[in-house]
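Visitor: kindly generate the corresponding structure for this input.
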Amino acid sequence: MDKPEALYHYTSLEGLTHILSSRKIRFSRLDLLDDMTEGSSTDPVDWRKYYFVSCWTSDPKESIPLWHMYTKEMCGVRIKLPTEMFKKHSFSKEDVPSFLELADTGSAPAGAKIKLYCYLPYEELHGEDYFVMPTSFNEDVWPFSVIYTDDESVLSRAYLEYDKESNNTKISTNEIAKYKSTVWSFQKEWRFRINCFNAAPRSLAGKMSEEEYYELMINRLRSIGEGVSREYFYLDISDDAFSKMEIVLGPKMDEAEKMIVSSLVDKYNPSAKTEASNLSGKVR
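Guide: Just a heads-up that it's a prediction; the model follows:
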């Protein structure tokens, strides 16, 4: 499925305030989402504690169910942003332990100062008990369209697979958080997804030899099961995407709430467009 040019996010006035003032989008850990069955698995691992998502819809038509679910009494807003909405951060390859291959730099000249780019700065990419897998940001899955099914063998399945030939266990990382029951199909959801694994603390990298740190990192990466301590990530919106923001006011907003939105937009994003809901005066 081709990616849409823009995506839509329903949120409360409080959510709008956070997005405008911080210029960031929140990613929630999978076990904190509204669908309590999502990400379930027959594996002896709770994968939901390793995945973070930001949920959007591709439907340009206003959705009464989404207004009801994600905005208090239909008094929140719907935000529209370009699908390519996130800022890319740069950091030096020298800042990264040499055994962590974040990108193919083999063609770079010897001694070249190599800059790497990512939607997270390195201090967020590699935390004190986690490491974000760079494959999270691959073009073909950033973002992706949720698939709706009632096949329980798909909704709750094994993601760990033992490969006899290589004597290794593989993880189907791109399948996790990809499927939902058809009762949620009205959402027409697109997702940005971040996949983490346990890792050695970044703060220890300069306090031991690289060989020792490598061994510690490998041992932590293998300790699948406990999850990561973070509950949220916050990714920066790019300046270009932020300037193209469009906001639809909730269909049941009163004048005071509309004034709050107007004040927020004037203060934080004067270039954003605001408009009334097509459902205003049509729903009780």
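Visitor: may I have the strand or helix carrying I218 as PDB, with CA atoms only?
Guide: Assigning secondary structure by DSSP states H and E places I218 in helix 210-222. Taking Å, rounded to 0.1, in the frame of the first residue of the first chain, the C-alpha atoms of helix 210-222 are listed here in PDB:
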ATOM      1  CA  GLU A 210      35.500  -1.900  24.300                       C
ATOM      2  CA  GLU A 211      35.900  -5.700  24.500                       C
ATOM      3  CA  GLU A 212      34.400  -5.700  28.000                       C
ATOM      4  CA  TYR A 213      31.600  -3.300  26.900                       C
ATOM      5  CA  TYR A 214      30.900  -5.500  23.900                       C
ATOM      6  CA  GLU A 215      30.500  -8.600  26.100                       C
ATOM      7  CA  LEU A 216      28.200  -6.700  28.500                       C
ATOM      8  CA  MET A 217      26.100  -5.400  25.500                       C
ATOM      9  CA  ILE A 218      25.800  -8.900  24.000                       C
ATOM     10  CA  ASN A 219      24.700 -10.400  27.400                       C
ATOM     11  CA  ARG A 220      22.100  -7.700  27.800                       C
ATOM     12  CA  LEU A 221      20.800  -8.100  24.300                       C
ATOM     13  CA  ARG A 222      20.300 -11.700  25.000                       C
END
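Visitor: how far off centre is the strand ranked longest in the chain?
Guide: If you go by DSSP state E, the chain has its longest strand at strand 189-198. Taking the mean of its C-alpha atoms, strand 189-198 sits 5 Å from the chain's own mean (C-alpha atoms, centre = their mean, to the nearest Å).
Visitor: can you check stretch 249-264 too?
Guide: 28 Å.
Visitor: report the buried residues of it.
Guide: L249, G250, P251, K252, M253, E257, V261, L264 (16 or more other C-beta atoms under 10 Å). Where C-beta positions appear, they are placed from N, C-alpha and C, glycine not excepted.
Visitor: ok, now stretch 184-197?
Guide: Those buried within stretch 184-197 under the rule 16+ other C-beta under 10 Å are Q187, K188, E189, W190, R191, F192, R193, I194, N195, C196, F197.
Visitor: what's the distance between the second one and P134?
Guide: Shown here: K188 relative to P134, a distance of 28 Å by C-beta to C-beta, to the nearest Å.
Visitor: what's the answer for the last one, then?
Guide: Distance of F197 to P134, given as C-beta to C-beta: 12 Å.
Visitor: ditto for the fourth one
Guide: Relative to P134, W190 is positioned 21 Å away (criterion: C-beta to C-beta).
Visitor: got it, and the first one?
Guide: As for Q187, its distance to P134 is 28 Å (criterion: C-beta to C-beta).
Visitor: then the third one?
Guide: To P134, E189 is 24 Å away according to C-beta to C-beta.
Visitor: just for this protein, where's the confidence low?
Guide: 93-114 (pLDDT under 70).
Visitor: which residues of the stretch 151-284 of the chain fall in helices?
Guide: Remark: helices assigned in the stretch 151-284 of the chain by DSSP state H, counting those that start in this stretch are 152-155, 210-222, 239-243, 255-268.
Visitor: so which elements touch the last one?
Guide: In terms of contact count using 3 or more C-beta pairs under 8 Å, 6 or more residues apart in numbering; DSSP states H and E, helix 255-268 is assigned the packing partners helix 13-22, strand 246-249, strand 273-275.
Visitor: the shortest one too?
Guide: Other helices and strands packing on helix 152-155, by 3+ C-beta pairs under 8 Å, 6+ apart, are strand 179-180.
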